[in-house]
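Enquirer: any chance you could fold what I've pasted below:
(one chain, ligands or ions: 1)
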Amino acid sequence: MTTRVEIVNDFLAINVKPGKTIQDIVEASGSALPFGCRDGECGTCVVFVESGMEFLSDVTDKEKIVMKNIGETSPKARLACQMKIAEPNGQIRLKY
Ligand code: FES
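Expert: Numbering: from 1, shown residues only. Prediction:
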């Protein structure tokens, strides 16, 4: 039971089990998506969920604070270091 994660910029598609973070996936796949603090504080890892938000964990308080601080208002914006795959049998498309 996996969910397919596509990172559009890197032409990558990976099947992963729920519970994995996007950071785990990026580091295992060789994606060039940049990270900074890796703790939901700097905003370096902002990605845009083109589809499949329903297969991801809920937005955290840290994400809300960072988005406000960097002025990002898109409902598709998430922090790759904070969100996890929450549901199997899905498809998620990410851009950064
Ligand atoms: S790497 Fe700093 S918020 Fe994700």
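
Enquirer: all strands for this structure, in order.
Expert: Taking DSSP state E as the criterion, the chain carries its strands at 3-7, 12-16, 46-51, 77-79, 91-95.

Enquirer: got the buried residues for the fourth one?
Expert: By that I understand strand 77-79. 77, 78, 79 (16 or more other CB atoms under 10 Å). For glycine as for every other residue, the C-beta is placed from the backbone atoms N, C-alpha and C.

Enquirer: relative to residue 67, which of those residues is nearest.
Expert: Within those, distances to residue 67 taken as CB to CB reach their minimum at residue 77, with 5.9 Å.

Enquirer: quick check, pLDDT for the closest one.
Expert: The score at residue 77 is 98. That number is its pLDDT.

Enquirer: touching, it and residue 50? I think so.
Expert: No: using CB atoms under 8 Å as the test, residue 77 is too far from residue 50 to be in contact (11.4 Å).

Enquirer: for residue 10, give me its contacts.
Expert: 29, 30, 31, 32, 33 (CB atoms under 8 Å, 6 or more residues apart in numbering).

Enquirer: by neighbours, which of those residues wins?
Expert: residue 33 (23 neighbours; other CB atoms under 10 Å).

Enquirer: I figured it hits residue 7, correct?
Expert: Yes: counting by CB under 8 Å, residue 33 sits close enough to residue 7 to count as a contact (6.7 Å).

Enquirer: common neighbours of those two, please.
Expert: The contact lists of residue 33 and residue 7 share 26, 96, where a contact means CB under 8 Å, 6+ apart.
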